[in-house]
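Enquirer: Mind looking at a prediction? Sequence and model below.
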Amino acid sequence: MDNRPIGFFDSGLGGLTCIAPLTRALPRERIIYFGDTARTPYGSKSPDTIRGFARQIADFLVQQDVKMIAIPCNTVSATCLADLQERFSDLPLVGIIHPAAETVAKTCTESNSIGVIGTKVTIRSRTYDEYIHRLAPSLSIHSAACPAFVPLIEEGIIENEIMDLTIRYYMDSFISYHKIDTLVLGCTHYPLILENLRHLYPKLRIINPSEEIVGCIKNRLDEQNLFAERETSAENIFYASDLSENFVNMINRIFKNTGFTVAFKNFDMEANKCG
Ligand code: DGL
């Protein structure tokens, strides 16, 4: 048993999409989340830059004495999971791509046409293709980068025509050309446009890695006997490198009426301190 918090980090608010399923599945666990909102988006930056950001944030989480680091960010998972695993060899580290690839491999067959969408870095890395093909070599996978989604989502431009047009710009021909029937949301921001996708493409089966990572976190905690044992959850802390209203509102929405306590802190990455 271990009552220390689980550390999460993402380039911004995208990783919050796994927090609601996590608190439902593991209500006793405490969370320390870091959203690098000052430097988002990561998905169009160089792998070296992303690696540097990821190390800095993981170091910060380790200083907060987390018992595990979960990386819901696909871009970071695709770029430097192995690097972080090497740096923190004593700490359980969970990335998002492997659990999602397992779900694809378990639930799809050769007759499916699978689409993976994500940031430029995630798609260029071909990590999804590699992980899925390791488990199920005969599956047919097509991928597309959708770089305009993240800035719009970070701005809260979701339930409107601009987002729907942007989705159609990237997806209409991708889906029809490859006859995609299963779509993997290879960026944690994308579950925030799930309703738009469902409305525009009602026949599509959608795999949401933000939900799949929760099962993987649960298994790792179980394997290493790290479950928290408290009855009521202590405070969850949400750090952002630029604490925006959108970030705070979204977290408040996730925790509304749940009885969990939430604190917000701004963390200045350059000065390496809160405030
Ligand atoms: N949400 C992140 C991901 O899952 C990265 C988005 C970005 O910052 O470009 O890839």
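Expert: Great, that's in hand. Numbering: from 1, shown residues only.
Enquirer: Only C-alpha atoms from now on, for both contacts and neighbour counts.
Expert: Will do.
Enquirer: So, low pLDDT: which residues of this structure?
Expert: Scanning the chain for pLDDT under 70 picks out 231-233.
Enquirer: Could you rerun that using 80?
Expert: 230-234, 257-259, 275 (pLDDT under 80).
Enquirer: for it, what spans make up the strands?
Expert: For the chain, applying DSSP state E gives strands covering 6-10, 31-35, 68-71, 93-95, 113-118, 140-145, 182-186, 205-207, 236-240, 262-268, 273-274.
Enquirer: Comparing those, which stretch has the densest surroundings?
Expert: Highest mean neighbour count of the strands of the chain: strand 6-10, a mean of 26 (counted as mean count of other Cα atoms under 10 Å).
Enquirer: In contact with the residue nearest the centre of the chain, which residues are there?
Expert: Centroid-nearest residue in the chain: residue 72, 2.9 Å away (criterion: Cα atoms, centre = their mean). Residues near residue 72 by Cα atoms under 8 Å, 6 or more residues apart in numbering: 8-10, 15, 18, 95-96, 188, 210, 213.
Enquirer: Residue 54 too?
Expert: 76, 80.
Enquirer: Find the nearest non-adjacent residue to the closest residue to the ligand within the stretch 101-250 of the chain, please.
Expert: Scanning the stretch 101-250 of the chain for the residue nearest the ligand gives residue 187, at 3.3 Å (criterion: Cα to the nearest ligand atom). Among residues not flanking residue 187 along the chain, residue 118 sits closest, at 5.0 Å (Cα to Cα, 6 or more residues apart in numbering).
Enquirer: Could you do residue 142 as well?
Expert: Nearest to residue 142 is residue 115, by Cα to Cα, 6+ apart, at 4.9 Å.
Enquirer: distance of the one you found from residue 62?
Expert: Counting by Cα to Cα, to the nearest Å, the gap from residue 115 to residue 62 is 35 Å.
Enquirer: Residue 188 now?
Expert: 22 Å.
Enquirer: who's more crowded, the two?
Expert: When residue 188 and residue 62 are compared for neighbours, residue 188 comes out ahead with 28 against 15, by other Cα atoms under 10 Å.
Enquirer: tell me the contacts of that one?
Expert: With Cα under 8 Å, 6+ apart, residue 188 has these contacts: 14-18, 72-74, 209-210.
Enquirer: run the last query once more with 7 Å
Expert: The neighbours of residue 188, taking Cα atoms under 7 Å, 6 or more residues apart in numbering as the test, are 14-15, 17, 72-74, 210.
Enquirer: Those: which two are farthest apart?
Expert: Within the contacts of residue 188, 17 and 74 form the most distant pair, 12.4 Å apart (Cα to Cα).
Enquirer: The two: who's more crowded?
Expert: residue 74 (31 against 22).
Enquirer: Run a quick check on that one versus residue 99, I expect a contact.
Expert: No. Counting by Cα atoms under 7 Å, residue 74 does not reach residue 99; the two are 11.4 Å apart.
Enquirer: Overlap in contacts, those two.
Expert: Common neighbours of residue 74 and residue 99 (Cα under 7 Å, 6+ apart) do not exist.
Enquirer: which bits of the stretch 51-200 of the chain sit near the ligand?
Expert: Proximity of the stretch 51-200 of the chain to the ligand, by Cα under 6 Å from any ligand atom, involves residues 73-75, 119, 150, 187-189.
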